[in-house]
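**Student:** model this:
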Amino acid sequence: MTDPTSPMPPDQSPQQAGVPPQAAPFPPGAAAPPPAAQFQDGTLAGPSVPTAPGRRSNARAWIVGGIALVVVLCCGGTLIGVFNGADNPDPKSAAASASPSSAPPTTAAPTTAAPTTAAPTSAAPATTEPAPTTAPPTPKPKVIKGRGDDVVRIRELSELSVVKFTCKCTSNTVLKSDGDGLLVNEIGSYSGKRWINLEDDSLTTQFEIEASGSWTLTIGTVDQLATKAPTGKAAGKGDDVVVLGGGAAAVKITHRRGDSNFVVHAYSLETGEGGLLVNEIGAYSGVRPLSAPALVQITADGYWTITPA
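**Tutor:** Predicted structure coming up:
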């Protein structure tokens, strides 16, 4: 191919095919046109169209910039160097710009996010809230009825309890416990209360009953069967178990219209100390030390009273 910058041989026709005619010479002082550009495929470009002084064409720059802008907006900037390769004299640089795999991959630095801690809630979910622990209900007093002599077996009681025994009898009436011994020994009808299992080593497992008539035996807790005297004053007739309230340190005890034994035992509910207070036959009146509140058992066949002294 002929170099457009070399002089034409003298024997070559100025109208040779493929060679454009030479432009007319510019007047003196005018800028000479630039030499014909050569494309990368080796073909010659046509003569440049002269532009007015001071207004150089910027068409290629706009095309490259426009394509580069589209590539940046749509696909990233990895292909921008392809359009600038003509102006880069270093082919290695152009290849490096054109090949996306030649550049080392960019790895974003891992970011460690601080753990997110949920703010504590004031109310726990109703489904996960544990149910409040409640004590099992106390069984109702056990009531046993019969007639005549009998042996009543019960499960072993592990706590202090109260028994109430009534009998419509005409002769001897006896109630015995295999743990506490003789509880009742009367002639004729009887109605009264006694405590059992006061001592840890004397637990009741059965009762022996001697009766000439029908009887009823009721077994329950102190709270269920004992007589309540919250003010510290109590009165009654016959055998009884009393929870005596108040804060007295001494009490006056009386017994009247009675002919048989009159016995009083008392134990402090705060210290557990106590014992026998009165053991007389017939009528009685006196003051005895007693630390209230207390649990009191009375054995009597007449009327009795207990008042703070």
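**Student:** Tell me the secondary structure of Asp223, please.
**Tutor:** Secondary structure, DSSP: H, G, I helix; E, B strand; the rest coil: Asp223 is helix.
**Student:** Begin at 44 from now on, thanks
**Tutor:** In the new count, where the first residue is 44, that last one comes out as Asp266.
**Student:** Could you report the neighbour count for it?
**Tutor:** By other C-beta atoms under 10 Å, 10 other residues sit near Asp266. All C-beta spots, glycine's among them, are computed from the backbone N, C-alpha and C.
**Student:** check contacts around it.
**Tutor:** Thr181 (C-beta atoms under 8 Å, 6 or more residues apart in numbering).
**Student:** any idea how far Gly256 is from it?
**Tutor:** 30 Å (C-beta to C-beta, to the nearest Å).
**Student:** do the same with Thr177
**Tutor:** Counting by C-beta to C-beta, the gap from Thr177 to Gly256 is 43 Å.
**Student:** which one of the two has more residues nearby?
**Tutor:** Taking neighbours as other C-beta under 10 Å, Thr177 and Gly256 compare with Gly256 leading, 14 against 6.
**Student:** Got phi/psi on the closest residue to Pro273 other than its chain neighbours?
**Tutor:** In space, and not counting its chain neighbours, Pro273 is closest to Gly288: 3.9 Å by C-beta to C-beta, 6 or more residues apart in numbering. Note on Gly288: its backbone torsions stand at phi -90, psi -160 [degrees, to the nearest 10].
**Student:** burial measure for Thr209, as a count.
**Tutor:** Counted with other C-beta under 10 Å, Thr209 comes out at 16.
**Student:** quick one: strands adjacent to the helix or strand containing it?
**Tutor:** Per DSSP states H and E, Thr209 falls inside strand 204-210. Each strand that pairs with strand 204-210, with its direction, by DSSP bridges: strand 233-239 (antiparallel), strand 257-264 (antiparallel).
**Student:** which residues touch it?
**Tutor:** 216, 218, 226-227, 232-240, 247, 250, 254, 256-265, 267-269, 284.
**Student:** re the thing from before, want to throw the strands paired with strand 204-210 into a markdown table with distance to Gly325 and mean neighbour count?
**Tutor:** Below are these laid out as a markdown table (distance: least, C-beta to C-beta, whole Å; neighbours: other C-beta atoms under 10 Å):
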| stretch | distance to Gly325 | mean neighbour count |
| --- | --- | --- |
| strand 233-239 | 18 | 20 |
| strand 257-264 | 28 | 18 |
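**Student:** hey, where'd the helices end up in the protein?
**Tutor:** Secondary structure of the chain (DSSP state H): helices at 102-117, 123-126, 134-141, 265-268.
**Student:** Next, the contact list for the closest residue to Lys280 other than its chain neighbours, please.
**Tutor:** Leaving out its chain neighbours, the residue that sits closest to Lys280 by C-beta to C-beta, 6+ apart is Tyr346, at 5.0 Å. By C-beta under 8 Å, 6+ apart, the residues touching Tyr346 are 278-280, 298-301.
**Student:** next one: Asn322
**Tutor:** 304-307.
**Student:** In PyMOL, select just the buried ones from the residues you listed.
**Tutor:** In PyMOL syntax, the buried subset of those is picked out as below (16 or more other C-beta atoms under 10 Å):
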select buried, resi 305+306+307
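**Student:** Can you tell me which of the contacts of Asn322 is nearest Arg196?
**Tutor:** Using C-beta to C-beta, Val306 is the member of these that lies nearest Arg196, at 28.4 Å.
**Student:** Among the contacts of Tyr346, name the buried ones.
**Tutor:** 279, 298, 301.
**Student:** Closest one to Val339 out of those, please.
**Tutor:** Gly279 (10.7 Å).
**Student:** Once you drop chain neighbours, what's closest to that closest one?
**Tutor:** Trp347 (6.3 Å).
**Student:** Since that was my last question, I'll sign off now.
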